[in-house]
Structure formats: C-alpha cells, structure tokens
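Undergrad: what would the 3D arrangement of this be:
(2 chains)
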Amino acid sequence: MKLLRTEPGSESRSFDPARALGSRQAQAVRDRKPLGSQPGSVFLLALWLLLGVLAWTLPGLLPSVEAEPPAGEGVGARTIAYEIQASLDPVTHTVRGRGTLRWRNPTQVSAPDFHLHLYLNAFRDEHSTFLRESLGAHRGAKFDSAHPGSIDVTSFRTAGGQELAGKGAFSACDDANPDDRTVWSVALPEAIAPGAEAVFQLEWTSLLPKAFARTGFGGDYHMVAQWFPKPGVFEQLVEDGAFVGRWNCHQFHGTSEFFADYGSYDVSLTLPKAYENRVGATGQRVAAHTDDAAGTVTYRYQAHDVHDFAWVCDTDFVVVPFKFPERYELPEAERTRVAALLGRPVEGLHLPRVEVTLLLQPEHADQEERHARAVSHALAYMSLWFGAYPYPTLTVVDPDHRASDTGGMEYPTLITAGTDFVVPERGWDPEFVIVHEFGHQFFYGLVGTNEFEHAWMDEGLNTFATAKVLQAAYPPAPPVTWYGAWPLYGEKPLPFTGMLAGLRSALPFLPEALTKELRIPFGKLGVVRTAGEALGLQPPDDLPLLPETPDTGVLAFLREAPFLTLLPILPITVAESERTSVARRPLVDTIVGVKAWEYMDSRSYGVNSYARTAASLRTLEGLAGEGTLLRGLNAYVERYRYGHPEPEQLFAALSQAAQDSPDTRSRTRDMGSWIETLFRTTGAVDYGVAGISIWEPSEKEGSDAEHGATSGGKPGAAPTDGVAARVPESSVLLRRHGEAQLPVEVLVRFDDGSERRLRWELDGRVLATDGGLPPLQPVAPAGQQGRWTRIRFASPAKILSAETDPRHLLAVERDRTNDGLVREPKGPGAALSLSVRLLGWVQQLTSFYGGL
Amino acid sequence: MAGLEAASEGGAGGSEGDAAALPPPGPPPPGPPPSRLPSAEDVPFFDPGMDTPLTALPAPTAPEVSLPPTPPGSLAFARAGMRHALRCMRPLVAVLIVQLLLALTVVLPFHAAVANKLDAHPHAAALAGAPTAADRALGWEAGMDAGLWRDTKRELGTSYDGLPVQLVWTLLLAWLFGAVAAAGFLGLAVEPGPCSTTRFFALGGKGFFRMLRVGLVFACAFVLVGRLVYEGWGAALADREAAAASESTKWWGERAREVTLFVLFLVLRVAADLARADLIAGGRRSALLAFLRRLGTLVARPLTTLGVAVLLGAPAFGALWLLSRLATVLPQGGWQGPLALFLLLQVAVLLRWASRAALLGAFAARVLPGARTRV
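TA: Predicted coordinates for the structure are as follows:
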C-alpha cells in the first residue's frame, strides 16, 4: 500500500495501517504469514476487508470542510523554514542573500505555482503601485529617487535543480499595474501536494532605499526589513462546494502592510566589524564569529513561530540589555483584578522572562529609563491580559534621525520606536510608540491577521490594547505647546504663528506669483557663492519674494507670555484623544470589509484601522463590561495563536464571551448587533438632550388653562395619561443625532437632590436601571430607537439637568457638547474663564505688536 | 515740574560708563578726575554715532528748572525712564483701555460662540473650576475637559476657525495704535506740560506718521534679517545638519538661529526706538537715516543702549512670570475666579506698556542731552 504523508483528518484514499492501527499492530501485520495459511484466516480477512471499506468510506462521510482553523495549531503554523546567509555592504547599501526555503503546503489542495512577495521593488521607481498611491510620501517622509530600493532574485531553483528565476512573471493582481514588481509568481514543474514539502534554493540581491516607508538606511544605520523573497499565503477556499487553492499575495500598496505564514528562520548575517555588537534582529542570537582577515563579523539568529525576519545595525548604537521582569514590579492588585475578570486563578497569570535589548542613539541615551519602563509595562500588562509573551527575546530600536521613517514599526521580537532629542517630561512621548509597537507582538505577531485585507484587526486591536496599557501605567497627558525647544503645558487659545503666516491666511487673494513664483537671486550672486564656497556651505540659488520664516520659539515666547496666557486644559487620556480624532473625520468607509488600499484616502484608512476600531472596542467594553471584552479577546488570542483568523472569528469570540459572562448584569445577546453597528456601518454615534420642559398646573380652581415653562423643546401639554392634574410634570427630549443606534444611558437630576438612571434601548423604550419605575413616553416607541423620544416624570420635583451617556460608555460618541442640558444655568460657566484667558493672550499680542 | 533728567553724552573720553581702571602712577591723565561728575562744559562732546563731531555746547540759557547733573550710564537712563513711566499713569490707563477694546473684537465673538456650547452643560461648574459632588462622582475634575474642548472647537466650525484671521487685522490695528502711543510717550517726555491723556493723544497724533515710518523700516529690516538667518544661514546648513550623525547637531543649529534672530530682533527694536526718539525729540525727518544712525549707536555703545532695554524689559517680563504664579492660586469658579484673573491680566498689560513708556522715556533722555529736553 502506498503511504502518503498527510495531515490527520485530511482526505486520503490510501490506507495507512500504521496510522490506523498503531505501530505495534502494523508490525504484526507485516510479520503475519500469507493470508489463508492460519486458522481463522477467513474471519481475519473479512475483518480486514471491513476495516478497509470503513477507512475508504468513513472520511467521505465526515465533514471535510473545516469551518474554522483548529485552535492553537493554526493552519499557518510552521509552514515555512527559511535558512538564509546574507551579507551587508554598507557603502552600496546592498544585501546579498542566499537561502534554502522549505515550504509545506498547509492546505488540502495542491499548489501548482508559487508566489513571492518582493516588497523592496515598491521603491524601484515612481511607477510602482506603492509610490503611485502614496504620491511618493509616507508619514511625512519623501521618497528619494536618487536612492531607490529594489530586490532582484537571481536564482530560484527547485530541489531537483531546475532554475525557475527566468520563468516567472510579475503579477499585478490588485490594480493591473504593469510596472509594479512587488509580486512574482512562477508555475512549478510539479505541483506541491497537500501537506507536502517543497524545497527551493534562492539567491537575491536587495538594494536598500534611503530610509523610506519603514526600511532603508540613514548614514551607517541600516534597517533591513522586507528584504528577502517572502512566500505569499496559500489558502484553501470553498467554491461551488469544492476546495480550491489560491495564493493570498497582494501587491505592496501605499497603505498596506504585510501578511505571511509562520515558520522558523535561521539567518546568518555578515557585516563589517564596525558593526560588532551593534546589531539587532528577530529571534535569538545563537552564534557569533569574527573574521579579522576579512574585517567582518557574522551573527547567526534563530527564531521559531514567527512570520517575518528583520534586522538592524548602526555603528552608533548604545546597547542597553536588561532582563525582564528583574527591573519591574507589577502591582499585585492588578494581577488579582485581572485574574478575577478572566475567571482564572492568580497563580496562572505570570510574567514571562524576556531578554530585552534597547538599541538607542547616543543623543537619546538619557531616555534609557523611559524606554525600559515603557517596554516593561507593555510586556507586563499585555502578558497578563492576553497570555504570556512567548519569545525569549525582544529588541527595541531607536532609529537614527536620518532614518526616522523606519521608526514606529513592528517585526517579530523586534520593534522600532523613535524619540526626539528633547521630549516633555509629562506625556507619552516616546512611551506611546514603544507600547504600541510592542503590542503588535500580540496583534499581528502571535495572531497573524491579514494586514492587506483586515488592517484593522491588528492596528485597531493593538490601538485598543495600547490605550489600556497607558491608562494603567501612566497619568493622562497634558496638552503641550512648544516654544522652540521648550515645552510648556497648556494650549494656545487660537492657532497663531506670527504675522507673516497670519497675513498669508488673512489675504488669500495674494497671487501665487508673489508667494511662490517670484524669486530673488541669492546663491547666484557672486559674493554669496564665493562666501559659501569658502565656508563649505551651499546657499540656495534663490529665495521666494515672501519669506517662509518660521515662527521662532523665543520670539513667540516674548510675544505671548505663554506662562500667563496658555489655556490650562486638563490632561487627556489616550481613549479620549482617539475619540476626538475619530470625530474629526467623516465616516465614509466601514471598518470591516475594506482592503487597506480601498479606503477613500489614507486618512480614512488611518482613522478606521486605528482609532475607530479601538474606540468601537472600547464602546463594546463599556456596554458589556471590561471583563467580557477581556475574556473575549483573551480567548481569541489563545485560540488563534499562530493562525490567520478572519473578522468573524474575532466577533464570534466576543459574542460568546458576552453570552457566557458570569456577571448576569453584563450577560447579553446583543453583542452581535452592536458589532454590526460599530464595525459594518458608517453611521456616527451621537446622542444628546435637546430640551427640558416643565409643566406646572395653574393655581386657579377648576381652570383648564395650564401654564408651562420650557428650556428648549416644546411646551408641555396638559397631562392626559391619568396622572393627577395637580402634579407638575417635567419632560426631557432625547435626540439621536447620528445614524448609529446603540443603547444609551440617561441621567436625570431633580432639584430635590434625587436622580433617575435610565437607558434608551434599541427597541425605543426608555427603561429604568435604578430599580424605579420607567418614565412615561408620551409617544410609544415603534419597536426601534427613533431619532427622538420624550420622557416624562410626574413629580413635584423639577428636573435640574439631564444627560446622555453620563459614564462615557460610548467611546465613539461624536459630540459631547450636546450630551446634556441644565434647565437654568447658574452663574458664569467655563466660557467666561476661557474668554478671560483669551483676552489676556490677545492683549499680550497687541502689546507686542504695538511696540514694534 | 516733571521731566527727564538730562544725561550727558560721552562720559569720560567716550567710555561706556564703566568704572575706570586705576591709572598707573605718574602724572594724572588729561580730562576730569574720575570721582567728579562731568558736566557739559568739562568734556568735549563727541558721539561717534552722529555724522559730525560737536564741540562742547554752551550751557543752556534760562532753563525752566535747573538741570541737576545726571551720571551717564544705562542705570541712569533706566531710572529716568521709570520716572517718566510713573508720571504717565493716566495715559497708560488709556492705552490699557485701547488694548482691551482691541482684544474684545476677538474675544467677544469667541465668548458668544463658546458660551452657547458650554454654559448650559450639566457639568458647567466643573468646567469652570468648581466641581460639585455630583460632578466628581462621575469623574469630572476642576477645569476644562480636553475632549469636550476639542469637540467644542470642532463644532464651532468657522465661528472658531475665523478668529485667527480676525486676530491678524486686530494686530495690524494694534501696530498702528502703537505708533500713536510711541509718539505720545515721547512727546510727553520731550514737550513741557502735564502728562494728561488729552496731551498724550494729541502728541501721538502729531508724531504718528513719523513713528509709522520707523515701524515700516523696522519691519523691513526684521524680515530681511529673518531671511538671512533662516533662508541664508539655515538653508546653507540644512543639508549638513540633516546629514549629521547626531540629531543634536540639527537641534543646536536651530537653537542658535533662534537665539540669533532674537538678539537681532532686540537690536533692531532698540534701534527703532532710538530712531523714534531721534525723530520726536531731535526733530529729524528721515526715519531710515535715523534708524541707520541708531544702529551705529548700538554698535558703538551697546551697553548704554541695550543695557537700558534689558534693565527696563527684563523686570517687566519677570513680573509677568510672578503674576502667572499668582494666577495659579486665584479662586476658581463663580464670578470671583474670572474677575480676579481679569484684573491680574490687566496688571500684566499695564506692566508691559509701562516698561515701553519707560524705555521710550529713557531713550529720549539718551538722545537729547541739550535740546528740547524737559526736566
């Protein structure tokens, strides 16, 4: 019988006795004498025949399409084993690599071809999809066409020695751009059977661009990312009731990131000796070798259960190693609290042991403690909430300022952060980026979602987790206004950066000729050129007629006396900051179902993938309780570790956690509809109080004339609902300004000191959550939450104020200025204080300019 | 009668007024002994900042009040300036009112828009700085909530976004008014008469166009200097700084340019004020020539000129810092808080203008040793 290597449960038409019977019995079968020569052999033959028939037919009777990947061992687990030897030439910024790629078909269908990501070709020229879509800019950095990037695969051989490098073609599966070379595919001489392993030998040359879009060089610093030919993900889909295999291998887009299978990497890096001990990479360093004759050093790294390998080197790095959690102490109260929320014993929550290495720039060495503390907090809290960080190492990179666009990025066990020479003492700079990039070790690293198709699944979940860590570990951040190099805490009352800039905006009719086209010769002047040459400088050839002189910090300080006039706005939490950033943008795209490059623009991609997802998760947390969300996310991470889950799997985990909540108050079956509203629609969430009205019965006996007093809304009508005619009534008009419908709490306060806590439900009813009677709703709800509803209270006490979402559970609430009303505002409010500060600020400005 | 004490130019042999070193043993040097205060008859007068050297002037005939001798030096000028400022309290209050009215053109629309959004908020007391127990129970702290403030600005839309444009025009008016005020303060320092508000505005109007010309010369000079610093020096070094191994190179380069521009700003500002004094007190007509001449004075006598500015400006700015510390302990909420803050901020404006008046007075004394100087 022919034995095939297959995975358990896979469809197979060949019978493998070893697998079916166990090895000892299989040995007995092989040792047995020929059939028919023993007593009872007919019976045994019949038995074998029966077993054979069962083995033949039974798999066909079992469901063969798995609805979801198995837990733990996701379909992506250990698909790849990559051995690479690479060397860096820092002068030409070139990496030469050769490697052996073992690729195992993780599906139940054959793979007739092979697809590779060649990401660096996005920077080959301006015709690539990436540069076309991004217009040559990425996070403020500009592509330098004088220093492009590229990757050339010079050899791609099968195990049989067949060279395929010249036989493939670049594939533009997303936008049919014939000039894009970021995906290469080739037909294989022999299809790779399900579960089988193919071995390829590759050689390539990578040219690193001047630091752009997360990779590249700046001076001696080299961030080597997306630098090797990376297989796409071969997926098994169901079409017309049958399995089909398809490569998920998208082009590199301006707003996309990456997607790959898990595996192991064994990478040897050879660099000039100047980089000795100044290298960081994914995984653990297992060997080091110095070649004095060649003047090189070679480091070997190994990493398992990762889906990428990146490395970095800089001759200037200040290397700060430490062992986590030796320098760190997590409050025991937090461990106990989380254990209770997760329903687990405290002893089961432990902190991992990790060798952390900080690679800092010398001018930022004084920020070592801030970096160490931030990464420690991130390691601690994320491990508590989502399971222990499973890798033995972590490297945190502070990029060279000449390569700042390589900062703020995540790779397995290696993150790049970035900071400034001067940072405010209070605030989250650089803590935010460190915590955020570490968080990607879980969302994207351990749970390998598809960043092309579901960017929000890693960015959004991580943004949510980042805010939780910062809220737990740091105080809210005050607003900072910079005066040159000096940060002051407070906010300028109005945006103003000097009279020149002000005149530009105040005089928009100034012709562009004056502002841009007319030039004054400067560097072209002989004397200036001579002086420049003598000093080794390069003055500009000409200058615009109207200057772009920046608003200098010292002058601005003198002008505004900011220590006296800045508005003392309270510090803000990350969550609130994200809420307001979402509110600033029109919601034109849904979160789910939009590929990274299909959003309206890069800002829509940014807000939907990051802040809006985080705020939506926070809203679910508010509605269902922190414990529910934590259990749901914890289950999701545990189940899909090393896998590639889809949105439905995340939502299923959250819904299940909501239904199974041990706290009856937060147990709910509505999670699905909330998820639908928040993730699959473009409706904004915006509730408010539009009016408070008081109806007081007239003092006159027997009179039908009733008087009413209102604060917004319509005057109350005479009661007709059976309430005693002499009892005053107060009513509140609630409004749903946004399209989205969610349950919202309402708090009503009365002048006798009492208050009512209510909830406006999705079916339109306003129910009491304080154990009291629900209020009257003169207009009965029509089974769904309308655009408005009025609630009425018959009571001698009059309403003082009414407010929607008093506890700010709806973290996506668009506008909090309309959340509530007081019936009779007393005394001057915040507007007067703000106005007085503004007055002082403007007076300082008028005094300054009056003295010129 | 109130007036400035004239300070003679030159001092001992044109020195900066610093204490002279002990002469070596030997015959005493020519000129007045260092312990005796020089008078106009004793010392040949020479101001290298002026076009032609002058011989010693005869003593002024029949002054209204005898001129007590004033030692030279920035301290003396500063004292003279401060005395002038103290005498000009009524005009200073008038200037304060004008500043207030100008500022209200921006503040009143702001207040109307923001009050509409915030004053009926259920937690208005907390936002104003005095949260109630109910506010605290829901987590509202004393002060303006950052998220709510961002929502307010966004929801106000053009009502808020248009204010910076309004501000630009207000500042232009303030600049024009500054020319009136400068002429007024200088006129009061120079012309005999009471320091009344009416005279202040009358003299201000009289000298307005001369002050305006100086202001224009200053603006052009400052723009030119800014371009040289940023688009010349800065642009020439931009590539080198960007390519430096350490971020601190670029950082220090930016700071150096900032400080240089600030110092040059001060120099130009002082030269402009000296030129203003020249035009009003010296009866000169050309703003440009006066400005250039006074730049020369600055180069020749930096301590006497810049020193005065620093002596009069720095304490005023320091006083503003003290007021900011006081602002943190003011009562919050209700009417008392905003009222106390308002008064404190007006004191700050008054101090700023008083230092301006003092500076102009000091420069009038500096510029005019023997002309129409009031005492």
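Undergrad: could I get the full set of strands for the stretch 651-800 of chain A?
TA: Counting by DSSP state E, counting those that start in this stretch, the stretch 651-800 of chain A has strands at residues A:687-696, A:707-711, A:729-736, A:744-750, A:755-760, A:766-768, A:788-794, A:799-804.
Undergrad: most tightly packed of these?
TA: Neighbour counts (mean count of other CB atoms under 10 Å in any protein chain shown) averaged over each of those peak at strand A:799-804, with a mean of 25. Every C-beta, even on glycine, is put in place using the N, C-alpha and C of the backbone.
Undergrad: now it, how far from the chain's geometric center?
TA: Centroid displacement of strand A:799-804 relative to its chain, using CA atoms, centre = their mean, to the nearest Å, is 37 Å.
Undergrad: quick one: average confidence on it?
TA: Mean per-residue pLDDT for strand A:799-804: 96.
Undergrad: that one packs against which elements?
TA: If you count contacts as 3 or more CB pairs under 8 Å, 6 or more residues apart in numbering or on different chains; DSSP states H and E, strand A:799-804 packs onto strand A:687-696, strand A:729-736, strand A:744-750, strand A:820-822.
Undergrad: re the thing from before, turn the strands of the stretch 651-800 of chain A into JSON lines, columns for distance to residue A:463.
TA: Putting the strands of the stretch 651-800 of chain A into JSON lines (distance: least, CB to CB, whole Å) gives the following:
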{"stretch": "strand A:687-696", "distance to residue A:463": "24"}
{"stretch": "strand A:707-711", "distance to residue A:463": "40"}
{"stretch": "strand A:729-736", "distance to residue A:463": "27"}
{"stretch": "strand A:744-750", "distance to residue A:463": "24"}
{"stretch": "strand A:755-760", "distance to residue A:463": "28"}
{"stretch": "strand A:766-768", "distance to residue A:463": "33"}
{"stretch": "strand A:788-794", "distance to residue A:463": "33"}
{"stretch": "strand A:799-804", "distance to residue A:463": "25"}
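Undergrad: worst mean pLDDT among those?
TA: Note on those: strand A:707-711 shows the lowest mean pLDDT, a mean of 41.
Undergrad: show me where pLDDT drops low in the chain?
TA: If you meant another chain, say so; for now it's chain A. Of all residues in chain A, those with pLDDT under 70 make up the ranges A:1-41, A:51-77, A:510-517, A:545-550, A:699-725.
Undergrad: wait, chain B was what I had in mind.
TA: Scanning chain B with the threshold set as pLDDT under 70 gives B:1-72, B:368-375.
Undergrad: re earlier: any chance of TSV for the helices and strands packed on strand A:799-804, columns distance to residue B:120?
TA: As requested, these are exported to TSV (distance: least, CB to CB, whole Å):
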stretch	distance to residue B:120
strand A:687-696	10
strand A:729-736	14
strand A:744-750	14
strand A:820-822	5
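Undergrad: which one of the residues in the stretch 101-250 of chain B is closest to chain A?
TA: Residue nearest to chain A within the stretch 101-250 of chain B: residue B:178 (3.1 Å; CB to the nearest CB).
Undergrad: count of residues packed around that residue?
TA: Neighbour count of residue B:178, defined by other CB atoms under 10 Å in any protein chain shown: 25.
Undergrad: where's it relative to residue B:204, distance?
TA: Distance, residue B:178 to residue B:204, by CB to CB, to the nearest Å: 10 Å.
Undergrad: cool, residue B:122 as well?
TA: From residue B:122 over to residue B:204 the distance is 50 Å, taken as CB to CB.
Undergrad: tell me which of the two has more neighbours.
TA: Between residue B:122 and residue B:204, counted using other CB under 10 Å, residue B:122 has the larger neighbour count: 26 against 23.
Undergrad: close to chain B: what parts of the stretch 651-800 of chain A are there?
TA: Counting by CB under 8 Å from any CB of the partner chain, the stretch 651-800 of chain A comes close to chain B at A:749, A:755.
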